[in-house]
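Asks: Any chance you could fold what I've pasted below:
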Amino acid sequence: MLSLLVAGAVVGGVLLSGHGPETAVLPANGSGASALPGDGTADGTRADDAAALLTRLTDALRDGTRADVAALAAPGVPGAARELTTLRANVRALGLEDLSLRYVDEDDASPTGPARALGDRAWVGDVRLDWRVGGFDAGHGSREVALTFAETGSGAAFVTARQDGGSAAPLWLLDRVDTRSTPRSLVVTTGATPTARFSRLADRAVTDVRKVLPRWRGRLVVEVPADAQQLGRVLGAAPDEYGGIAAVTTTVDGSVSPTAPVHIFVNPAVFDPLGPRGAQIVMSHEATHVATGAAVSSMPTWLLEGFADYVALDHVDLPVSVAASQVLARVRADGPPARLPGPQEFDPRSRVLGASYESAWLACRLIGERYGEARLIAFYRAADRAGSTDAAFGRVLGTDQPAFTRAWRDYLRRLAG
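Replies: Residues are numbered from 1 along each chain as shown. Below is the predicted model:
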């Protein structure tokens, strides 16, 4: 099954996309803050103290004042109180619900930054975090995050949730966020990134998707980290893993749970230079993934990505010679591919990545031209239910994959001239 899909939209003949492996997480726990039972040892006492702190922190983030939250910071640690008051502001700006913090265990990682001055009194703990964006997420996300704690004379205090080299964590836990919401979308940005542009793109993307899938009534959440490094932290990936990727659609916790919220995550270094048309194509492509539940589908990637491009390009005045320039150039030089693109071709490091996404789009375009858009949608849904296209080819299109592949190869030859 897939848990992560990245922008496969054709932008002026250059396709910015790829797709990566799933990241598994443990099942979600119930709400509330608690700890594993203490055993009377120092570690057990730390666990109990951390659990008590997390209970107070959860309550303060939900209902407390700035002073209530700041009082939970470790004394004498620069930035700890400020980080907590920022966290409180983020929770309220996003309207987070079902917020829960549960101490799991002490982590092997060593404290970094100002926490090192605390010596043995500081430690890193793994904390199960549950959350949901009210009004946008139907289910809640659940992720294990690393928090740094400090021993005090009266228990435990908060040091930071921004441990250097820490585990994956939601954007709102890592930085101050700005938000902009409309009836169709919520945009979450950090740093100096303006929300207005992304809000317009997201709202238009909903319109584009509904032109092809009119029954979809969902809403989008678009998150824009400050840079590729922060994007990698949010996705639990190396900073350079998605350095050339414009956007990613995935569950907020990296799971493949069908109830986990699915958001769009933007890489501003790649997305920002795109012109208005290119940016809209990418956003509409990603919105299609949200609308179709593609992040947790196990159907072949060529259909997932090809259909998303079909929707994104459906009402764009972009000649095929431009939109599919890479694959058509390869066809002219070497002939059409022998088969529909598979996982290897969709690897972000693949040298034929752009051509593979274009060829997948043309496969869906061929189905739409030959059988009609309604049959294309029915084919997609049948493949989604089955997890493969084997039965869908016969039941919906009255053909099989080998015959369709031959037709697709002929189609590529004709388009290549």
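Asks: and Val248, helix, strand or coil?
Replies: Put simply, Val248 is strand when judged by DSSP: H, G, I helix; E, B strand; the rest coil.
Asks: Using neighbour counts, pick out the buried residues of stretch 269-288.
Replies: By neighbour count on 16 or more other C-beta atoms under 10 Å, the buried set for stretch 269-288 is 269-271, 274, 278-288. Bear in mind the C-beta positions are built from the backbone N, C-alpha and C, glycine included.
Asks: CA atoms of it as CSV?
Replies: Output of stretch 269-288 as CSV, limited to C-alpha atoms (Å, rounded to 0.1, in the frame of the first residue of the first chain):
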residue,chain,number,x,y,z
ALA,A,269,12.1,25.7,-2.8
VAL,A,270,10.6,23.9,-5.8
PHE,A,271,7.1,25.2,-5.7
ASP,A,272,7.7,28.9,-5.3
PRO,A,273,9.5,29.4,-8.7
LEU,A,274,6.6,27.8,-10.6
GLY,A,275,4.4,30.2,-12.6
PRO,A,276,0.7,30.5,-12.0
ARG,A,277,-0.3,27.7,-14.4
GLY,A,278,2.4,25.3,-13.2
ALA,A,279,1.6,25.9,-9.5
GLN,A,280,-2.1,25.3,-10.2
ILE,A,281,-1.5,22.1,-12.0
VAL,A,282,0.6,20.8,-9.1
MET,A,283,-2.0,21.8,-6.5
SER,A,284,-4.9,20.3,-8.5
HIS,A,285,-2.9,17.1,-9.0
GLU,A,286,-2.3,16.8,-5.3
ALA,A,287,-6.0,17.7,-4.5
THR,A,288,-7.0,14.7,-6.7
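Asks: roughly how far apart are Leu213 and Val206?
Replies: 10 Å (C-beta to C-beta, to the nearest Å).
Asks: out of the two, which sits in the busier spot?
Replies: Ranked by neighbour count (other C-beta atoms under 10 Å), Leu213 and Val206 place Val206 first, with 22 against 17.
Asks: Make sure I have this right: the more buried one is in a strand.
Replies: No: counting by three-state DSSP, Val206 is not part of a strand but helix.
Asks: Disregarding residues adjacent in the polypeptide, which is nearest to it?
Replies: Arg184 (4.5 Å; C-beta to C-beta, 6 or more residues apart in numbering).
Asks: correct me, but the one you found touches Arg219?
Replies: Yes: assessed by C-beta atoms under 8 Å, Arg184 is found in contact with Arg219 at 5.8 Å.
Asks: Please identify every residue contacting each of the two.
Replies: Val206 (C-beta atoms under 8 Å, 6 or more residues apart in numbering).
Asks: Spatially central residue in the protein, please.
Replies: Thr250 (3.3 Å; C-alpha atoms, centre = their mean).
Asks: returning to what we had before: Met283 versus the residue nearest to Val206, what's the distance?
Replies: Distance from Arg184 to Met283, counting by C-beta to C-beta: 12 Å.
Asks: quick one: common contacting residues for the two?
Replies: What both Arg184 and Met283 touch, as defined by C-beta under 8 Å, 6+ apart, is the set Ala202.
Asks: where along the stretch 101-250 of the chain do the strands fall?
Replies: Remark: strands assigned in the stretch 101-250 of the chain by DSSP state E, counting those that start in this stretch are 122-133, 141-152, 155-160, 177-181, 185-190, 220-224, 247-251.
Asks: between the last one and strand 220-224, what angle do the directions make?
Replies: Right, the one you point to is strand 247-251. 120 degrees (axes from the mean of the first three to the mean of the last three C-alpha atoms, to 10 degrees).
Asks: Show me the strands paired with strand 247-251, marking each as parallel or antiparallel.
Replies: strand 4-6 (antiparallel), strand 262-266 (antiparallel) (DSSP bridges).
Asks: and those, which one is worst for confidence?
Replies: When these are compared on mean pLDDT, strand 4-6 scores lowest, with a mean of 57.
Asks: And the average pLDDT for stretch 116-123 is what?
Replies: Stretch 116-123 shows an average pLDDT of 92 in the prediction.
Asks: ok, residues contacting that stretch?
Replies: With C-beta under 8 Å, 6+ apart as the criterion, stretch 116-123 contacts 46, 74, 77, 106-107, 110-111, 115, 148-151, 159.
Asks: if we take the residues you listed, which one ends up nearest to Val224?
Replies: Thr148 (26.2 Å; C-beta to C-beta).
Asks: Please name the residues that touch the closest one.
Replies: Pro111, Thr112, Ala115, Ala122, Trp123, Val124, Gly125, Phe158, Val159, Thr160, Ala161, Gln163.
Asks: Out of the buried residues of stretch 269-288, flag the one nearest to His263.
Replies: Glu286 (9.6 Å).
Asks: before we move on, the earlier item: would you list the strands of the stretch 101-250 of the chain in a markdown table and tack on distance to Ala51?
Replies: Below are those laid out as a markdown table (distance: least, C-beta to C-beta, whole Å):
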| stretch | distance to Ala51 |
| --- | --- |
| strand 122-133 | 10 |
| strand 141-152 | 11 |
| strand 155-160 | 9 |
| strand 177-181 | 27 |
| strand 185-190 | 29 |
| strand 220-224 | 29 |
| strand 247-251 | 27 |
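Asks: hmm, back to that, ok, so of the contacts of Thr148, who is nearest Val256?
Replies: Nearest to Val256 among the contacts of Thr148, with distances taken as C-beta to C-beta, is Ala161, at 25.3 Å.
Asks: who's in contact with that closest one?
Replies: With C-beta under 8 Å, 6+ apart, Ala161 has these contacts: Glu83, Leu87, Val145, Ala146, Leu147, Thr148, Ala169, Leu173, Leu174.
Asks: The last one contacts Arg233, correct?
Replies: Yes: using C-beta under 8 Å, Leu174 and Arg233 qualify as a contacting pair, with a distance of 6.3 Å.
Asks: roughly how far apart are Thr249 and Gln230?
Replies: The separation that Thr249 has from Gln230, given C-beta to C-beta, amounts to 17 Å.
Asks: Which one of those two is surrounded by more residues?
Replies: Thr249 (26 against 19).
Asks: Any idea what the more buried one is bridged to?
Replies: Beta-bridge partners, per DSSP bridges, of Thr249: Leu5, Ile264.
Asks: hmm, back to that, now, of the contacts of stretch 116-123, which are buried?
Replies: Buried among the contacts of stretch 116-123 (16+ other C-beta under 10 Å): Arg46, Ala74, Val77, Glu106, Asp107, Pro111, Ala115, Thr148, Phe149, Ala150, Glu151, Val159.
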